[in-house]
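Colleague: Sequence first, predicted coordinates after that:
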Amino acid sequence: MNFNNVFRWHFLFLLLLGVFSVPAFATDTLLILGDSLSAGYRMPAERAWPSLLDNQWRAKPDGIRVVNASISGDTATQGLARLPALLKHHKPRWVLIELGGNDGLRGFPPPAIAKDLAQAITQIRQAGAQPLLMQIMLPANYGRRYTESFSAIYPALAQQYHVPLLPFFMEQVYLKPQWMQDDEIHPNADAQDFIAQWMSTRLYPLLKHEIPADEAKNG
């Protein structure tokens, strides 16, 4: 037996295995921790905007994988409870927090919502990932005092924890009644392509460090 040939073939096999294995481990992951606005309420999961965004970004040479961990009906507390397992399993580079809407619709105290979101930001950082926060707005019929207190949660957390604040995509969707479901709260399937592109325009440059973090909130 020629041990030199065996060694060379073994080395070549390991080298090729390493080359073809690298992309699977090198792909950066964006985890979306959200509620029904991102989960694809009343539509197939593959039609929701995070899935469309994943398809779009994976086609890029330096593609980013998008994992949609959103669940319809989730409050900030419920999202926070799921977060540790998600961080451990997916090991994301970034986590977009799109939570708080259900808390606000149920009239939860803003300080309690802020506390849960702050803990999520902290846990994400402790896991070595970059937290991103999405502004959430409530319908005006919840009263000016409460809606203003609720909306103020997000810029305050972004400033306190130096977290990029993304604009609320639903502000654009509300302008198109044909993009809304009959409950007048959730976007329908026709709106998902627009949301995916709108989010891509704001997220991708931010993740690739092409724009300063504090400019991400400028819609």
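Modeller: Okay, I see it. Numbers count the residues shown, from 1 in each chain.
Colleague: Show me the helices in this protein, by range?
Modeller: Using DSSP state H, the helices of the chain run over residues 3-26, 36-39, 49-58, 76-90, 101-105, 110-126, 144-151, 153-161, 170-173, 192-207.
Colleague: Identify the residues contacting the fifth one?
Modeller: Right, helix 101-105. 35-37, 73-77, 112-113, 116, 136, 138, 142, 146-147, 150 (Cβ atoms under 8 Å, 6 or more residues apart in numbering). Quick note: C-beta positions are derived from backbone N, CA and C, even for glycine.
Colleague: So among those residues, which ones count as buried?
Modeller: Neighbour counting over the contacts of helix 101-105 (16 or more other Cβ atoms under 10 Å) leaves 35-37, 74-77, 113, 116, 136, 138, 147, 150 as the buried ones.
Colleague: From the rest of the structure, what touches the top strand by length along the chain?
Modeller: Longest strand in the chain by number of residues (criterion: DSSP state E): strand 28-34. Residues from elsewhere that reach strand 28-34 (Cβ under 8 Å, 6+ apart): 38, 50, 64-70, 74, 79, 82-83, 86-87, 90-99, 120, 129, 134, 203, 207.
Colleague: at 7 Å what do you get?
Modeller: 38, 50, 64-70, 79, 83, 86, 90-99, 207 (Cβ atoms under 7 Å, 6 or more residues apart in numbering).
Colleague: which residues touch the nearest residue to Gln130 once chain neighbours are set aside?
Modeller: Nearest non-adjacent residue to Gln130, counting by Cβ to Cβ, 6 or more residues apart in numbering: Trp94, 4.7 Å away. The contact partners of Trp94, taken as Cβ under 7 Å, 6+ apart, are Leu30, Ala129, Gln130, Leu132, Leu207.
Colleague: can you do 8 Å?
Modeller: Asp28, Thr29, Leu30, Leu31, Ala129, Gln130, Pro131, Leu132, Leu207.
Colleague: same deal with Thr122?
Modeller: Taking Cβ under 8 Å, 6+ apart as the test, what Thr122 contacts is Tyr161.
Colleague: State the distance from it to Ile97.
Modeller: Look at Thr122 and Ile97: by Cβ to Cβ, to the nearest Å, they are 12 Å apart.
Colleague: Ok, Ala140 next?
Modeller: 24 Å.
Colleague: between these two, who's got more neighbours?
Modeller: Each of Ala140 and Ile97 has its neighbours counted (other Cβ atoms under 10 Å); Ile97 has more, 27 against 8.
Colleague: in the sheet, who's paired with that one?
Modeller: Applying DSSP bridges to Ile97 gives these bridge partners: Leu33, Leu133.
Colleague: wouldn't it be in contact with Leu117 here?
Modeller: Yes. Between Ile97 and Leu117 there is a contact at 6.4 Å, judged by Cβ atoms under 8 Å.
Colleague: So for those two, which residues contact both of them?
Modeller: Shared contacts of Ile97 and Leu117, counting by Cβ under 8 Å, 6+ apart, come down to Leu133.
Colleague: what residue ranges in the protein score low on pLDDT?
Modeller: 1-26, 210-219 (pLDDT under 70).
Colleague: Report the spatially nearest residue to Glu171, omitting neighbours in sequence.
Modeller: Closest to Glu171 by Cβ to Cβ, 6+ apart is Met137, at 6.6 Å.
Colleague: Can you give me every residue that contacts that neighbour?
Modeller: Counting by Cβ under 8 Å, 6+ apart, Met137 touches Thr147, Ser151, Phe168, Met170, Glu171.
Colleague: which one of these is nearest Asp190?
Modeller: Nearest to Asp190 among the contacts of Met137 is Met170, at 14.3 Å by Cβ to Cβ.
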